[in-house]
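In: okay, here's the prediction I keep looking at, along with the sequence it came from:
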Amino acid sequence: MQLDRVITVVGAHAEGEVGRVITGGVLPPRGATMFERMTNLERDSSWLRNMLLFDPRGSVNAAVNLITPPIHPDADIGMIVMESDYFVPMSGSNLICTVTVALEAGIIPMKEPRTIVRVDTPAGLVEVIAECQAGKCRGITFRNIPSFVMHRDSMIEVPGIGSLRVDVAYGGMIYCIVNSEDLGLTLARSEARQLVEIGERIKAAAAVQLPSVHPENPLIHTINQTEFAGPIEIIKGVKTSKNAVVVSPGRIDRCPCGTGTSARLALLHARGELAVGERFRHLSILDTVFDCEIVGETKAGPVPATITQVSGRAWLTGVSHYGVDPEDPFPEGYRLSDTWFA
Ligand SMILES: O=C(O)[C@H]1NCC[C@@H]1O
């Protein structure tokens, strides 16, 4: 066997969404903050993302996570999330996968029935409670960084659609939130391709028409994703709604999207539609569930914000060693528009 750059990866999915975790073969990037480390990794190691995420080693539906030593003195680990088009400050599904792999692979010690893991992310410190039993994580709950609304009830012009009312909110990434009913969409599995096509157009229009900058970190700017929000129903006494987030370059998040959930909770709270302590169930296009609530109010700089709590679960899918044959014509992979929409 001849392979360069051998990297060990543990595969996992959180409520259906793939989140692979590097457990060997990559050194942590330099940087004085986790955000700087993320930026340095994205700038200096595009080969890593390209090799692991692009065909023929990866696929459009995967994200890869790097565990690093933390910088924050209270944190247990650091986490950098690599998605196909962006390295993102925070991701709920990737956090759930990363903590599950870190505990189940013994990278950090597991305590039963509950292990608290503080994760240093480029978006800030996130506290995680892992319910652990017989060497497995059976539930992961995280308290996200402050989430807040950036634009409310704004009208944008979208090519092929016309005027559309949207909201913009931050939950670790910046989301353009659209009522699915306004576009006649039900968020059924059969709509996945249509959602991607419309969602990418909405994101591009909103990113230009609604400038959005994080009040505490100007390097977090520009709308990343479109979130289609379904109607809210009360099911067994709990406000419940489906959503579908379009992850660039064009696929649907398979899970209910942790950062999108936090953004939506902040919006519902700002509208007076969800109180602190009130439960909310967010469903994905696959009908997998994140149980959530707003646990407190805070501020992001001068902006009123919420602390949201999100619970879900991840399952391991395998262990792989990736590498590059020195004669491989595609050492950094490739993207084709049949699956890599756009
Ligand atoms: O759970 C989340 O926050 C995300 N899932 C995939 C896209 C987002 O990073």
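Out: All right, it came through fine. Computed from a predicted structure; not experimentally measured.
In: residues in contact with the residue positioned nearest the centre of the chain?
Out: Using CA atoms, centre = their mean, the residue of the chain that lies closest to the mean C-alpha position is residue 91, 2.8 Å off. With CB atoms under 8 Å, 6 or more residues apart in numbering as the criterion, the residues that contact residue 91 are 19, 63, 81, 83, 172, 173, 258, 259. Every residue, glycine included, has its C-beta placed from N, CA and C.
In: quick check on the residue nearest to residue 30 when sequence neighbours are not counted: phi, psi?
Out: If you skip the residues right next to it in sequence, residue 30 has residue 40 as its closest partner in space, 6.0 Å away by CB to CB, 6 or more residues apart in numbering. When quoted as degrees, to the nearest 10, the phi and psi of residue 40 stand at phi -60, psi -40.
In: picking that back up, also near the ligand: which of the contacts of residue 91, exactly?
Out: 258, 259 (CB under 6 Å from any ligand atom).
In: any idea which of the contacts of residue 91 is closest to residue 287?
Out: Checking the contacts of residue 91 against residue 287 by CB to CB gives residue 258 as the nearest, at 16.6 Å.
In: how close does that closest one sit to residue 334?
Out: When distances are taken as CB to CB, to the nearest Å, residue 258 and residue 334 turn out to be 30 Å apart.
In: what's the answer for residue 189, then?
Out: Residue 189 sits 28 Å away from residue 334 when distances are taken as CB to CB.
In: kindly report the same for residue 74.
Out: Counting by CB to CB, the gap from residue 74 to residue 334 is 42 Å.
In: for whichever residue of the stretch 101-250 of the chain sits closest to the ligand, list each beta-bridge partner.
Out: Taking CB to the nearest ligand atom, the ligand has its nearest neighbour within the stretch 101-250 of the chain at residue 247, 4.8 Å off. Taking DSSP bridges as the rule, residue 247 bridges to residue 251.
In: of the contacts of residue 91, which belong to strands?
Out: When DSSP state E defines the strands, the subset of those inside them is residue 81.
In: tabulate the contacts of residue 91 (a markdown table), appending neighbour count and pLDDT.
Out: Written out in a markdown table, the entries for the contacts of residue 91 read as follows (neighbours: other CB atoms under 10 Å; pLDDT from 0 to 100):
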| residue | neighbour count | pLDDT |
| --- | --- | --- |
| 19 | 28 | 98 |
| 63 | 25 | 97 |
| 81 | 27 | 98 |
| 83 | 22 | 95 |
| 172 | 31 | 98 |
| 173 | 28 | 97 |
| 258 | 34 | 98 |
| 259 | 34 | 98 |
